[in-house]
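Trainee: Generate a structure from the sequence data that follows.
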Amino acid sequence: MNNNCLKLASWNTSGWSGRNQAFRQEIIYRLSADVVFLGETKTTEDTKVDVEDYITIANNRVDIHYLATGGSGGTSFLIKREVLDEYSVTRLHYVLDGLLVIRLVNKKTDRNVTIAGVHLPPESSVHCIEPDDFFQHLLSMCYDHVEDDCLIFCGDFNARVGNKCDFIQDIDEIPNRVVTDTGYNDHGRSLIDFCLQSNTCIVNGRINPLNDGFTSISHRGKSTVDYVICRHEDINLVRMFKVINVNDFIAEHQLSHMAENRVSDHSILAWELYTTAGIEEGTGQGAESPSHDKSLPRQHQTANSCSSELPTRYKKGTLLNTFLSSVEVTQHCEELIDKLLDRQH
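Mentor: Alright, predicted model coming up:
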């Protein structure tokens with residue numbers, strides 16, 4: 001592995017059972033990612049995701065529907081054993097179905113990366129969670145980890161965001177996103193609200209749009225519901241991003257003899273993340289040594305407290321959202337917000 005860069009991947013497996021386990025194991029082996037998040041594993045206490053040369057951290061769904069013949073939901077992280085030579089890995093315990101969080105700390109540099117794997121059930125599911133409540137938990141997590149060197153969210157959000165903007169135009173310095181899916185749903189509305197409130201943005205469509213694409217393809221149609229999301233200041237740490245169609249991957253690696261009748265509808269998201277600060281300014285699009293701007297505000301927030309005083313960066317984002325819904329943003333908008341913040345003190 002590259003000591004300065006982690007190869008990451010996220011995939012909704014649509015189940016990890018005995019009859020398809022070998023096939024999915026082979027896909028993970030061929031991906032050769034350092035860390036893989038798996039959504040909708042449908043594993044139970046008696047079953048688990050097991051891949052040679054990887055350790056598994058799992059969060060199985062406890063509340064199983066009475067009609068289910070096996071497990072449902074469920075998430076797992078696979079971490080290459082050789083990664084443990086360079087990083088210490090800890091599971092962070094957030095008690096929420098569909099959320100699994102780990103932290104990797106570089107043993108030499110002490111820089112850390114927190115990765116939150118997400119599987120938010122679709123609106124039609126019996127396990128559907130109120131999306132605003134779910135994203136409020138993620139927002140609280142942003143406050144908890146505001147001092148972290150890097151914070152990443154990934155997985156199946158069952159959210160279609162269309163061409164809605166996930167940052168505040170003319171204020172946030174974020175590259176525009178190339179839109180693949182123009183569909184929009186309630187989960188997507190909640191996801192966009194979360195990005196605006198937390199100063200995070202969608203990675204899909206921003207790093208290399210030529211490698212982008214729909215993340216869910218089935219007889220029902222095509223959509224983008226799987227995402228990688230990062231904070232604004234972390235976008236330059238993402239070196240590469242691509243959406244891998246599973247059927248194309250099977251053909252490329254000649255795995256059709258192993259594939260069962262129902263291959264996962266979801267594509268694999270793969271990206272590379274720099275874990276050490278560079279010496280040159282990078283763009284996040286293949287630059288050899290992207291830098292991380294440590295001057296950006298990263299105030300401390302008391303853990304697990306959404307009601308206590310929020311960091312300035314989040315208060316400003318919330319107030320800007322209020323302005324956007326009520327008045328036209330002008331070139332003096334930041335000055336007006338700063339005055340409002342001053343009055344709070």
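Trainee: Quick check: bridge partners of the spatially closest residue to Val118 that is not a sequence neighbour?
Mentor: Excluding its sequence neighbours, the residue lying closest to Val118 (Cβ to Cβ, 6 or more residues apart in numbering) is Gly155, at 3.7 Å. No exception for glycine: its C-beta is placed from N, CA and C like everyone else's. Here Gly155 sits in beta bridges with Val118, Tyr227, as judged by DSSP bridges.
Trainee: Can you give me every residue that contacts Gly155?
Mentor: 10, 12, 37, 39, 75, 117-120, 226-227 (Cβ atoms under 8 Å, 6 or more residues apart in numbering).
Trainee: can you rerun that using 10 Å?
Mentor: Counting by Cβ atoms under 10 Å, 6 or more residues apart in numbering, Gly155 touches 10-12, 37-40, 75, 98-100, 115-120, 225-229, 266, 269.
Trainee: Where do the strands of this structure begin and end?
Mentor: Taking DSSP state E, the strands of the chain run over residues 5-12, 35-39, 54-59, 75-80, 87-92, 99-106, 112-119, 151-156, 200-202, 216-218, 221-223, 226-231, 238-244, 268-274.
Trainee: Extract the C-alpha set from the fifth one and format it as CSV.
Mentor: Only the C-alpha atoms of strand 87-92 are listed here, as CSV (Å, rounded to 0.1, in the frame of the first residue of the first chain):
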residue,chain,number,x,y,z
TYR,A,87,-2.6,2.6,11.0
SER,A,88,-4.4,1.9,14.2
VAL,A,89,-8.1,1.3,13.5
THR,A,90,-10.9,1.9,16.0
ARG,A,91,-14.7,1.5,15.8
LEU,A,92,-16.6,4.6,17.0
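Trainee: And that strand, what does it pack against?
Mentor: strand 54-59, strand 75-80, strand 99-106, strand 112-119 (3 or more Cβ pairs under 10 Å, 6 or more residues apart in numbering; DSSP states H and E).
Trainee: between these, which gets the lowest average pLDDT?
Mentor: Here the helices and strands packed on strand 87-92 differ in mean pLDDT, and the lowest is strand 54-59 at a mean of 90.
Trainee: which helices and strands sit right next to it?
Mentor: Here strand 54-59 touches helix 21-31, strand 35-39, strand 75-80, helix 83-86, strand 87-92, strand 99-106, strand 112-119, going by 3+ Cβ pairs under 10 Å, 6+ apart.
Trainee: which residues in the stretch 101-250 of the chain form helices?
Mentor: Taking DSSP state H, counting those that start in this stretch as the test, the helices found in the stretch 101-250 of the chain are 131-144, 186-198, 246-252.
Trainee: quick one: buried residues of the shortest one?
Mentor: Looking back up the chat, that one is helix 246-252. For helix 246-252, the neighbour count (16 or more other Cβ atoms under 10 Å) marks 246, 249-250 as buried.
Trainee: now do the longest one
Mentor: Of all the residues in helix 131-144, those buried under the rule 16+ other Cβ under 10 Å are 131, 134-144.
Trainee: cool, and stretch 216-234?
Mentor: Quick answer for stretch 216-234 (16+ other Cβ under 10 Å): 216-217, 223-234.
Trainee: So for that stretch, mean pLDDT?
Mentor: pLDDT averaged over stretch 216-234 gives 95.
Trainee: one step back: among the buried residues of helix 246-252, which one lies nearest to Thr275?
Mentor: Nearest to Thr275 among those: Phe249, at 25.8 Å, using Cβ to Cβ.
Trainee: quick one: contacts for the closest one?
Mentor: Neighbour list for Phe249: 27, 30-31, 255, 263, 267-268 [criterion: Cβ under 10 Å, 6+ apart].
Trainee: make it 7 Å
Mentor: Listed by Cβ atoms under 7 Å, 6 or more residues apart in numbering, the contact set of Phe249 reads 27, 268.
Trainee: thinking Ala33 is in contact with Ala9, fair?
Mentor: Yes. With contact defined as Cβ atoms under 7 Å, Ala33 counts as touching Ala9 (4.0 Å).
Trainee: Give the residues shared as contacts by these two.
Mentor: Both Ala33 and Ala9 are in contact with Ala270, where contact means Cβ under 7 Å, 6+ apart.
Trainee: ok, how many other residues are close to Leu92?
Mentor: Neighbours of Leu92 under the rule other Cβ atoms under 10 Å: 15.
Trainee: Grab the nearest non-local neighbour of it.
Mentor: Leaving aside its chain neighbours, Leu92 sits nearest to Val101 (4.2 Å; criterion: Cβ to Cβ, 6+ apart).
Trainee: How about Asp181?
Mentor: Asp181 sits nearest to Thr224 (Cβ to Cβ, 6+ apart), 3.8 Å away.
Trainee: For the one you found, give me its contacts.
Mentor: 160, 180-181, 204, 214-215.
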